[in-house]
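Below: sequence and its predicted model.
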Amino acid sequence: MITPEQLCEKIEEIYHRKGKAVIAIDGRCGAGKSTLGAWLAEQFHARLFHMDDFYLQAHQRTPERYAEAGGNIDWERFTAEVLEHLDDPEGLTYHLFEHKGFTLGKAVHAARTDITVIEGSYSMRPELTPYYDLTVFLDIDPAKQQERIRRRNGEEVLQMFIQRWIPLEEKYFLELDVRNRCDHIMIINGSLEGSAEKRRTSEMTQLTEEFVTTLPKLGFGLMRLPRLEDGKTIDVEQTKKMVDAFLAAGMKYFDTAFVYEGSEDACRQALVDRYPRESYYLATKLNAGMPGLTEETAKQEFYTSLERTGAQYFDFYLLHAIGKGNIDKYNNWDIWGFAQEQKAKGLIKHVGFSFHDTAEMLDEVLTAHPEAEFVQLQINYADWESNSVQSRLCYEVCRKHNKPVVVMEPVKGGMLANPPAPVKEIFNQADPHASPASWAIRFVASKPGILVVLSGMSNLAQMEDNLSYMKDFKPLSEAEADTVKKAQDALTSIPSIPCTGCRYCVAGCPMQINIPSIFSAMNTNLVFQNKERAQGSYNMATRGDHGKASACIKCGACEAQCPQHLQIRDLLEQAAEMFGE
């Protein structure tokens, strides 16, 4: 018998001797093959392949095939798609198995890793074993086996296992002498958590200190892409020019999300279809907090994002907009574990989350989920000391947990690109040639532990301005930091609505009120004292099918989705009064 700790030591020995290792886990159903496989993949940052993805297709399911010992697995496809390509430097592509209809499912990419884990029954067929460096057989007492299957799948499925699948397995084990041919035997009793310290060497992960410090600091946020005249359709041709300029300047990081309407598809057209996959980093997000979702539909977002982007895998994958209002869904549906499973398959390289809540809660989340590799936070000089956003406090929590930070809203939804006159004057006096946006982005990019700063650029001119000072980025000098402090002091004296324009509030509004645009119109009046322009903006925001502020029925759906925790219903009342409804 071998313990998990001893198994890890054996794998390390092989890795240090050969520079790589391929581990196969076979054994009886219910013995914990999937659990051990996922655990090893996490320990070693390895890619994980499941034999369940290589069941026979419908046309292969013949009596002759089932008569073979271990014949109900498509070992030929597993060899051709996976085993023969383990050393390919660009990784490999294989097909998942679609249980409904017994057909091939999506083609997925698995990036190359030094350590590969293969788990599942029939992985010890003689045709496959020459590719392995170490093999393990997981055993289990028959009574405990039935108890686990009943608990996991229910009584009806248990009977199917007893009548069909267990006898097929036992025939395979007996005729091919599988247990004796494996290098080691293991019995898993209880959880594997804490069984061994994680073995992630600097060669096995990109999120080293060197990676964080050397990654170009400007990221292209794909939430506010340019639109055509209809105001809805993304201008893909202009987006292509922006992507071209971004990559030509040496930048690498693109950020989209399942909920950014049209963004993932535009990303495919402007980036993925036009550039080698290894030439950029792509991040997207799964939002479990949207109304009406189930566990199944929430997890389906991942596969939909893969299909929309055509990216084959995601370099960075985020659980989206975590806060008190939705954390239970991420926990109860085990979205955390789901993301780790996709990571083990090579479909995700790094898992993190974006966050909109208090520093205290962030500390609790990072303590409960140390596997999160990075955090995306709203940080800008306007919100640095904000009691509601808590930019500084949340940033300090990430530093405490040694988590790199991806910065969102550095220009606060565009508001800091055209700040109030007193703020603009302070910046102009310090450097008349620097744009207000440049001060905002350089403020956050200058801080230690920042992975990348996202800028949601909406046209080529904004891209060119950002690249002019971020291509050869220089942190703020002491004098420049003092200038930003003066701007902060001037800004905090002016009242405004702290809406970032994320539009999470709009989707669930039964009256189709364009809430962010109404608040933007209000801020034009509050901050710039320009009632005429504010009225024009309000009229634009409420035309067509969009309801006026007075149409609000106070259902509260918008407030449940607001990352800024704004009292939207009260603010819409003020808007109705401000614009004379």
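Thanks, I have the structure now. Residues are numbered from 1 along each chain as shown.

Give me the contacts around stretch 476-486.
For stretch 476-486, contacts defined as Cβ atoms under 8 Å, 6 or more residues apart in numbering pick out 381, 426, 427, 430, 439, 442, 443, 446. Bear in mind the C-beta positions are built from the backbone N, C-alpha and C, glycine included.

To clarify, my last question referred to stretch 54-61.
In contact with stretch 54-61 (Cβ under 8 Å, 6+ apart) are residues 65, 72-75, 77-78, 97, 99, 101-104.

mean confidence for it?
Stretch 54-61 shows a mean pLDDT of 94.

Kindly export that stretch (C-alpha atoms) in CSV.
Only the C-alpha atoms of stretch 54-61 are listed here, as CSV (Å, rounded to 0.1, in the frame of the first residue of the first chain):
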residue,chain,number,x,y,z
PHE,A,54,-13.2,8.4,-24.1
TYR,A,55,-16.2,6.1,-23.9
LEU,A,56,-17.3,4.4,-27.0
GLN,A,57,-19.5,6.3,-29.5
ALA,A,58,-22.9,4.9,-30.5
HIS,A,59,-21.6,3.2,-33.7
GLN,A,60,-18.8,1.5,-31.7
ARG,A,61,-21.0,-0.2,-29.1
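
any weak-confidence spans in the protein?
Where the chain drops to pLDDT under 70, the residues are 190-206, 528.

try it again with 50
Regions of the chain meeting the criterion pLDDT under 50 cover residues 194-206.

need the strands for the stretch 301-450 of the chain, in chain order.
Here the stretch 301-450 of the chain has its strands, by DSSP state E, counting those that start in this stretch, at 314-322, 348-355, 375-378, 405-408, 450-455.

Mean neighbour count added to the ones you listed, as CSV?
As requested, the strands of the stretch 301-450 of the chain are exported to CSV (neighbours: other Cβ atoms under 10 Å):
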stretch, mean neighbour count
strand 314-322, 25
strand 348-355, 24
strand 375-378, 26
strand 405-408, 25
strand 450-455, 26
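
of all those, which lies closest to residue 393?
Residue 393 lies closest, by Cβ to Cβ, to one member of these: strand 375-378, at 10.2 Å.

what's the closest one packed up against?
strand 348-355, helix 391-400, strand 405-408 (3 or more Cβ pairs under 8 Å, 6 or more residues apart in numbering; DSSP states H and E).

what about the nearest residue to residue 327 once chain neighbours are set aside, how many neighbours?
Ranked by Cβ to Cβ, 6 or more residues apart in numbering and with sequence neighbours excluded, the top spatial neighbour of residue 327 is residue 365, at 7.2 Å. Neighbour count for residue 365, taken as other Cβ atoms under 10 Å: 22.

Now for residue 365: which residues touch it?
322, 327, 353, 355, 372.

Which two among the residues you listed are spaced furthest apart?
Greatest spacing in the contacts of residue 365, by Cβ to Cβ: 327 and 372 (12.9 Å).

does residue 219 really touch residue 254, like I thought?
Yes - contact criterion Cβ atoms under 8 Å: residue 219 and residue 254 qualify, at 7.1 Å.

Just give the nearest non-adjacent residue to residue 38, would you?
Take residue 38 and drop its neighbours on the chain: the residue closest to it by Cβ to Cβ, 6+ apart is residue 344, 5.4 Å away.

Outline the domain layout of the protein.
The chain breaks down into these domains under automatic domain parsing: 4-186, 207-492, 515-578.

roughly how far is the last one from the heart of the chain?
Counting by Cα atoms, centre = their mean, to the nearest Å, domain 515-578 is centred 31 Å from the centre of its parent chain.

Between the two ends of it, what distance do you get?
15 Å (Cα to Cα, to the nearest Å).

likewise the first one?
The separation between the terminal residues of domain 4-186, taken as Cα to Cα, is 8 Å.

quick one: the helices in the stretch 101-250 of the chain?
Secondary structure of the stretch 101-250 of the chain by DSSP state H, counting those that start in this stretch: the helices cover 142-153, 155-160, 166-175, 178-181, 209-214, 236-248.

Mind putting the ones you listed into JSON lines with mean neighbour count and distance to residue 531?
Below are the helices of the stretch 101-250 of the chain laid out as JSON lines (neighbours: other Cβ atoms under 10 Å; distance: least, Cβ to Cβ, whole Å):
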{"stretch": "helix 142-153", "mean neighbour count": "14", "distance to residue 531": "64"}
{"stretch": "helix 155-160", "mean neighbour count": "12", "distance to residue 531": "67"}
{"stretch": "helix 166-175", "mean neighbour count": "16", "distance to residue 531": "76"}
{"stretch": "helix 178-181", "mean neighbour count": "16", "distance to residue 531": "80"}
{"stretch": "helix 209-214", "mean neighbour count": "12", "distance to residue 531": "46"}
{"stretch": "helix 236-248", "mean neighbour count": "18", "distance to residue 531": "33"}
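
nearest to residue 45, of those helices?
Taking Cβ to Cβ as the criterion, helix 209-214 is the member of the helices of the stretch 101-250 of the chain that comes nearest to residue 45, at 13.5 Å.

Only alpha carbons, please: show the closest one as PDB.
Provided in PDB are the C-alpha atoms of helix 209-214 (Å, rounded to 0.1, in the frame of the first residue of the first chain):
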ATOM      1  CA  GLU A 209       6.800  37.300  -8.700                       C
ATOM      2  CA  GLU A 210       8.800  37.600 -11.900                       C
ATOM      3  CA  PHE A 211       5.700  37.100 -14.000                       C
ATOM      4  CA  VAL A 212       3.700  39.700 -12.000                       C
ATOM      5  CA  THR A 213       6.400  42.300 -12.200                       C
ATOM      6  CA  THR A 214       7.300  41.800 -15.900                       C
END
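
Name the residues that touch it?
Helix 209-214 has contacts (Cβ under 8 Å, 6+ apart) with 404, 449, 450, 451.

Contacts only, for the second one.
When contacts are counted by Cβ under 8 Å, 6+ apart, residue 449 touches 212, 395, 398, 399, 403, 404, 405.
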